[in-house]
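Peer 1: task: produce atomic coordinates for the following.
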Amino acid sequence: MDILQLVGSSRDSWDRQQSVQKPSDLYPGDASNPHPWSIEGHVGAKAIAERAGVSQEELQTIPDDSEVWSDVAWVLGSLCATLTLLCSVERIVLGGGIMQRTSLFPKIRRATREILNGYIKHPRVLLDGPEGIDGYIVPSERGNEAGIYGALALAADAFKEASIERQAATPPPASCFDGCRTQ
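Peer 2: Numbering: from 1, shown residues only. Predicted structure coming up:
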């Protein structure tokens, strides 16, 4: 699951963030995950399949109104609330396999608001619509290809930075006219 990509930071540190569950959510986390208490351990495809009692291939068959999605949305809403409080982000873009289920977004936005409980008095959180929370917590425009585009963007940035460093470290070539005498 591609939860977040921060330039200069590791996504891995975010999907290993400890999840916050609703009091009624008793799922212990994916036991095969090295961090079953993590967000990935609670809302990764394997965890969702376990929650619903289906195989990962059958995730599409879980109805949108299933309590499983409410529990998943709460965990992701807790991540969004944490990002809002700690990072002061302008927008939260969620992508990856399960985020293709667009019915999750209203639930995640609702959970984020409920968790923040009015603490953040900003229109991006308080209001509905594109100028409000609907434009604050959004799906990736790249869909399932977001990770590839992100990797390419980071590679391009690294190449550009390395080129600039090489350029700064290499003296300019001597001109063919430097030190030549005219006869």
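
Peer 1: what's the weakest-modelled helix or strand in the chain?
Peer 2: Across the helices and strands of the chain, the lowest-confidence element by mean pLDDT, DSSP states H and E is helix 12-15, at a mean of 48.

Peer 1: list the contacts of the residue nearest to Gln56 when sequence neighbours are not counted.
Peer 2: Leaving aside its chain neighbours, Gln56 sits nearest to Ala49 (4.6 Å; criterion: Cβ to Cβ, 6 or more residues apart in numbering). Heads up, the C-betas are built off the backbone N, CA and C, glycines and all. Listed by Cβ atoms under 8 Å, 6 or more residues apart in numbering, the contact set of Ala49 reads Ser55, Gln56, Glu58, Leu59.

Peer 1: burial check on the second one, number of neighbours?
Peer 2: If you count neighbours by other Cβ atoms under 10 Å, Gln56 ends up with 13.

Peer 1: need the pLDDT of it.
Peer 2: Gln56 is assigned 93 on the pLDDT scale.

Peer 1: rewinding a little: now the residue nearest to Gln56: phi and psi?
Peer 2: Dihedral angles of Ala49 (phi, psi; degrees, to the nearest 10) stand at phi -60, psi -40.

Peer 1: what do you get for Pro139?
Peer 2: Dihedral angles for Pro139 - degrees, to the nearest 10 - are phi -80, psi 150.
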